[in-house]
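Undergrad: Need a 3D model of the following:
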Amino acid sequence: MASSVRRALTLFMIVVLLLRSCYALSGDAGFSWRFENRGLDGSTLMECETLAISISPSNGNSSNVGMGPYYLLAFEPSGTSTTTLLGHTPSSLRWQVTHSIGSQLLLSLVDSQGTSGGVHPMLFTVKANTADRECLYVDPLSSPLSPLKPEIVSSVIGQIPPCGAWDLSVFGGRAPYTISVVSLGSSTVYNFSLPLGQQSFTYNNRGGISGRMVGSKPSPDVFLTLQSGAHAESI
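TA: Numbering: from 1, shown residues only. Modelled structure (predicted):
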């Protein structure tokens, strides 16, 4: 496995948040990013392909392109999440797809200061590469029988109303835990660290989280990832 890639086992649950809200989450991406030579409709990625990434200022700030090095966070529902070093300068950023066929990925880019370039609005799907699959990695700790695999219990299945609470309880794994809220098109990934010894977390639906389009109707999907020691479990 390449040293520039950090991996974490993840299990995802999709919960739909109603669009009306009582408290809006605020905050804009510090800069913007995109794949070069790809349109917004290009929602498929190929195993082991290498993609060029460009960074540009956001909000009219011509000088804000972040500070290298830059990293791409790839969140895979029911799979393995990765953090990959892209490079140190905005003009020479590259990312290789190390997730296997059928994986769905939410992608976010951050710089060395933790400033977010936002979560890409597309949910990407990985397709097969019949010529080259040597870059793919299988985590030996991804087995559900692994002692590092925590169990997460949720109080909600389905919709969370405005100002509603999502209670999570964690069993097993390795503390301390960090929970990340990832939403397609969001300006950032929201991270919540649990104090050592705490095994419960409540997420309040404050709104302001965008979602992906399913067919012609908006369906705001929110993905949660739980970091447990060197691994991450989510629902």
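Undergrad: can we go C-alpha only for contacts and neighbour counts from here?
TA: Will do.
Undergrad: end to end, how far does stretch 116-126 reach?
TA: Stretch 116-126 has an end-to-end distance of 24 Å (criterion: Cα to Cα, to the nearest Å).
Undergrad: What are the contacting residues of it?
TA: With contacts defined as Cα atoms under 8 Å, 6 or more residues apart in numbering, stretch 116-126 is touched by 29-34, 40, 43-47, 99-111, 182-189, 211-212.
Undergrad: Contact partners for the closest residue to Val97 other than its chain neighbours?
TA: Leaving aside its sequence neighbours, Val97 sits nearest to Cys48 (Cα to Cα, 6 or more residues apart in numbering; 4.8 Å). Neighbour list for Cys48: Gln96, Val97, Thr98, His99, Asn129, Asp132, Arg133, Glu134, Cys135, Leu136 [criterion: Cα under 8 Å, 6+ apart].
Undergrad: which element is the fourth one on?
TA: Using DSSP states H and E, His99 is not contained in any helix or strand.
Undergrad: got a list of what it touches?
TA: His99 is in contact with Glu47, Cys48, Thr80, Val126, Leu136, Tyr137, counting by Cα under 8 Å, 6+ apart.
Undergrad: And the residues you listed, which of them are buried?
TA: Glu47, Cys48, Thr80, Val126, Leu136 (16 or more other Cα atoms under 10 Å).
Undergrad: Output the contacts of Cys48 in CSV; the columns should cover distance to Ala52.
TA: Shown next, in CSV, are the contacts of Cys48 (distance: Cα to Cα, whole Å):
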residue, distance to Ala52
Gln96, 9
Val97, 11
Thr98, 15
His99, 17
Asn129, 18
Asp132, 18
Arg133, 19
Glu134, 20
Cys135, 17
Leu136, 19
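Undergrad: Can you give me the buried ones in the helix or strand hosting Leu168?
TA: Assigned by DSSP H and E, Leu168 belongs to strand 165-171. Residues Ala165, Trp166, Leu168, Val170 are the ones in strand 165-171 that count as buried (16+ other Cα under 10 Å).
Undergrad: Trp95 touches Thr83, doesn't it?
TA: No: using Cα atoms under 8 Å, Trp95 makes no contact with Thr83, being 10.4 Å away.
Undergrad: shared neighbours, the two?
TA: With Cα under 8 Å, 6+ apart as the test, Trp95 and Thr83 both reach Leu72.
Undergrad: Can you give me the end-to-end span of stretch 79-96?
TA: Separation of the first and last residues of stretch 79-96 by Cα to Cα is 17 Å.
Undergrad: Hmm, I typed the wrong one, I wanted stretch 65-83.
TA: End-to-end span of stretch 65-83 (Cα to Cα): 20 Å.
Undergrad: In this structure, where is pLDDT below threshold?
TA: Applying pLDDT under 70 to the chain picks out residues 1-29, 39-41, 59-62, 78, 138-152, 156-162, 205-235.
Undergrad: coming back round to it: strand partners (parallel or antiparallel) of the strand holding Leu168?
TA: Strand 165-171 has the following strand partners under DSSP bridges: strand 151-154 (antiparallel), strand 200-204 (antiparallel).
Undergrad: element containing Ala84?
TA: Actually, residue 84 is Thr rather than Ala. According to DSSP H and E, Thr84 maps onto strand 80-87.
Undergrad: Buried residues in whatever helix or strand comes next after that strand, which are they?
TA: Under the assignment DSSP H and E, the closest C-terminal helix or strand after strand 80-87 is strand 93-96. Neighbour counts over strand 93-96 (16+ other Cα under 10 Å) mark Leu93, Arg94, Trp95, Gln96 as buried.
Undergrad: Many thanks, I have nothing further to ask.
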